[in-house]
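Chemist: Here's my sequence, what's the structure:
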Amino acid sequence: MKKKTGILSKIYIAILLIFLYSPIAVLIFYSFNNGKTTVWKGFTFKWYVQLFRDDNIMNALWNTVIIAVLASVFATILGTAAAIGISNFKGKKRMLIQNASNIPIISPDIVMGVSLMLLFTTLGVIFNFEMGFFTVLISHICFCVPFVVLNVMPRIKRMDQSIYDAALDLGCNQWQAFYKVIIHELMPGIFSGLLMSFTYSLDDFIITYFTRGAKFQNLSIEIYSMTHRRIHRKSTLFPHCLFLAVLIVMVIINLRDRHEEKVQEKENLYFKNFIKGRLRNEKNHQHCPCICNDGNMCGLPFRLRRRCFG
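Modeler: Below is the predicted model of the structure:
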């Protein structure tokens, strides 16, 4: 019975993967076609050569990367600070603020795009400016921040809240305790939020479309413009390039998660041995809360002592 279930599950996963990735595979296959139609006329790289020689596309690619990098960095800083601030609230206030921060995630992109467009249009009339690079950047930061909060909050909930005070007792000042202990503990969530923000900013279309103004072009807008005018071979090349870029980012996230799991397993093993050693010491002599008679600081994990004392 188990063998049949295993075979059926593998067949189901194979069918699902074929259904999801066959359109991308076809797109990649025909990107090397020498002809402009779906009739195969030989293998060639000429479309890629023309693609990277197109100034408009290269400018759109540069704008896309710059926006994605800046938006992900600023969103990570703001999202981490917001997550730490939300964690300081208790009860209903905390739940209310956290649910409010999730609204941009669950709301349709077109709602956020139109809302930001109306906001920037109104502010543009008041302060006399046009939509462009900075309005797109602000828009991307706005919808990326909730994803950072979503990744950092679980790390805060899992973190022992007493380690900050313990770091201060061990000789760290407030900045050292925050940077070397709190930020270090939250780093896996911060890194995941950074990569997720970069990915969502890289392939965004709807919000960029409504907030870009008349002159700014990013890659998704440029591809849309090319396909809107007429289907050109170059317009089919960058979609799978974006797919490969997103795939690489997701692989990095998965590798990071696996590494974090291994580190967590080692820490759990350390704490088990730590508890056993502490119980053994308590049987032999009276236990001091910080330092045992054998010279070991058994009141705190080694990684925390190392950060405070180097």
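Chemist: Only C-alpha atoms from now on, for both contacts and neighbour counts.
Modeler: Will do.
Chemist: Excluding its own residues, what touches stretch 205-219? List them.
Modeler: The contact list for stretch 205-219, computed with Cα atoms under 8 Å, 6 or more residues apart in numbering, reads 57, 59-64, 109-110, 112-114, 116-117, 120, 130-133, 135-136, 139-140, 220-221.
Chemist: again, but for stretch 129-140
Modeler: Around stretch 129-140, the neighbours that count as contacts under Cα under 8 Å, 6+ apart are 67-68, 70-71, 116, 120-121, 123-124, 201, 207-208, 211-216.
Chemist: Now intersect those residues with the helices, please.
Modeler: 67-68, 70-71, 116, 120-121, 123-124, 201, 207-208, 211 (DSSP state H).
Chemist: May I ask which of those has the most neighbours?
Modeler: Greatest neighbour count in these, by other Cα atoms under 10 Å, goes to Thr211: 29 neighbours.
Chemist: Where do the helices of the stretch 151-300 of the chain begin and end?
Modeler: Applying DSSP state H, counting those that start in this stretch to the stretch 151-300 of the chain gives helices spanning 163-169, 174-176, 184-202, 206-211, 219-229, 237-284.
Chemist: Okay, now the unreliable bits of the chain?
Modeler: For the chain, the stretches with pLDDT under 70 are 1-5, 37, 228-240, 264, 267-268, 270-310.
Chemist: Quick check, central residue of it?
Modeler: The C-alpha lying nearest the average C-alpha coordinate of the chain belongs to Met196 (Cα atoms, centre = their mean; 2.0 Å).
Chemist: roughly how far apart are Thr211 and Ile103?
Modeler: Remark: distance between Thr211 and Ile103 (Cα to Cα, to the nearest Å) = 19 Å.
Chemist: ok, now Phe74?
Modeler: Between Phe74 and Ile103 the computed distance is 19 Å (Cα to Cα).
Chemist: Neighbour count for these two, which is higher?
Modeler: Remark: of Phe74 and Ile103, Phe74 carries more neighbours, 20 against 12, as counted by other Cα under 10 Å.
Chemist: Can you give me the neighbour number for the spatially closest residue to the more buried one that is not a sequence neighbour?
Modeler: Excluding its sequence neighbours, the residue lying closest to Phe74 (Cα to Cα, 6 or more residues apart in numbering) is Ile141, at 6.7 Å. Using other Cα under 10 Å, Ile141 is surrounded by 24 other residues.
Chemist: check contacts around Ile141.
Modeler: By Cα under 8 Å, 6+ apart, the residues touching Ile141 are Ala71, Ser72, Phe74, Ala75.
Chemist: now Leu195
Modeler: Ser72, Val249, Ile253.
Chemist: The first one touches Leu202, doesn't it?
Modeler: No. Counting by Cα atoms under 8 Å, Ser72 does not reach Leu202; the two are 9.6 Å apart.
Chemist: When the two are compared, which one has more neighbours?
Modeler: Ser72 (29 against 25).
Chemist: What sits closest to Arg212 if chain neighbours are left out?
Modeler: Closest to Arg212 by Cα to Cα, 6+ apart is Gly132, at 4.8 Å.
Chemist: Next one: the residue nearest to the centre of the chain relative to Val73, how far apart?
Modeler: Taken as Cα to Cα, the span from Met196 to Val73 is 11 Å.
Chemist: Repeat that for Tyr21.
Modeler: Taking Cα to Cα, one finds Tyr21 at 30 Å from Val73.
Chemist: Next: Lys157.
Modeler: To Val73, Lys157 is 23 Å away according to Cα to Cα.
Chemist: Who has more neighbours out of these two?
Modeler: Val73 (20 against 10).
Chemist: doesn't Leu194 make contact with that one?
Modeler: Yes. With contact defined as Cα under 8 Å, Val73 reaches Leu194; the gap is 6.8 Å.
Chemist: Could I get the CA-only coordinates of stretch 140-158 as PDB?
Modeler: Extracted as PDB, the C-alpha positions of stretch 140-158 are listed here (Å, rounded to 0.1, in the frame of the first residue of the first chain):
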ATOM      1  CA  HIS A 140       8.200  49.000  -4.300                       C
ATOM      2  CA  ILE A 141       9.400  49.700  -0.800                       C
ATOM      3  CA  CYS A 142       5.800  49.900   0.300                       C
ATOM      4  CA  PHE A 143       4.800  46.500  -0.900                       C
ATOM      5  CA  CYS A 144       8.100  44.800   0.000                       C
ATOM      6  CA  VAL A 145       8.100  45.900   3.700                       C
ATOM      7  CA  PRO A 146       5.300  43.500   4.700                       C
ATOM      8  CA  PHE A 147       7.200  40.500   3.300                       C
ATOM      9  CA  VAL A 148      10.200  41.400   5.500                       C
ATOM     10  CA  VAL A 149       8.000  41.700   8.500                       C
ATOM     11  CA  LEU A 150       6.400  38.300   7.600                       C
ATOM     12  CA  ASN A 151       9.900  36.700   7.600                       C
ATOM     13  CA  VAL A 152      11.300  38.400  10.700                       C
ATOM     14  CA  MET A 153       8.400  38.000  13.100                       C
ATOM     15  CA  PRO A 154       8.700  34.200  13.400                       C
ATOM     16  CA  ARG A 155      12.400  34.600  14.300                       C
ATOM     17  CA  ILE A 156      11.400  37.100  17.000                       C
ATOM     18  CA  LYS A 157       8.800  34.800  18.500                       C
ATOM     19  CA  ARG A 158      11.300  31.900  18.600                       C
END
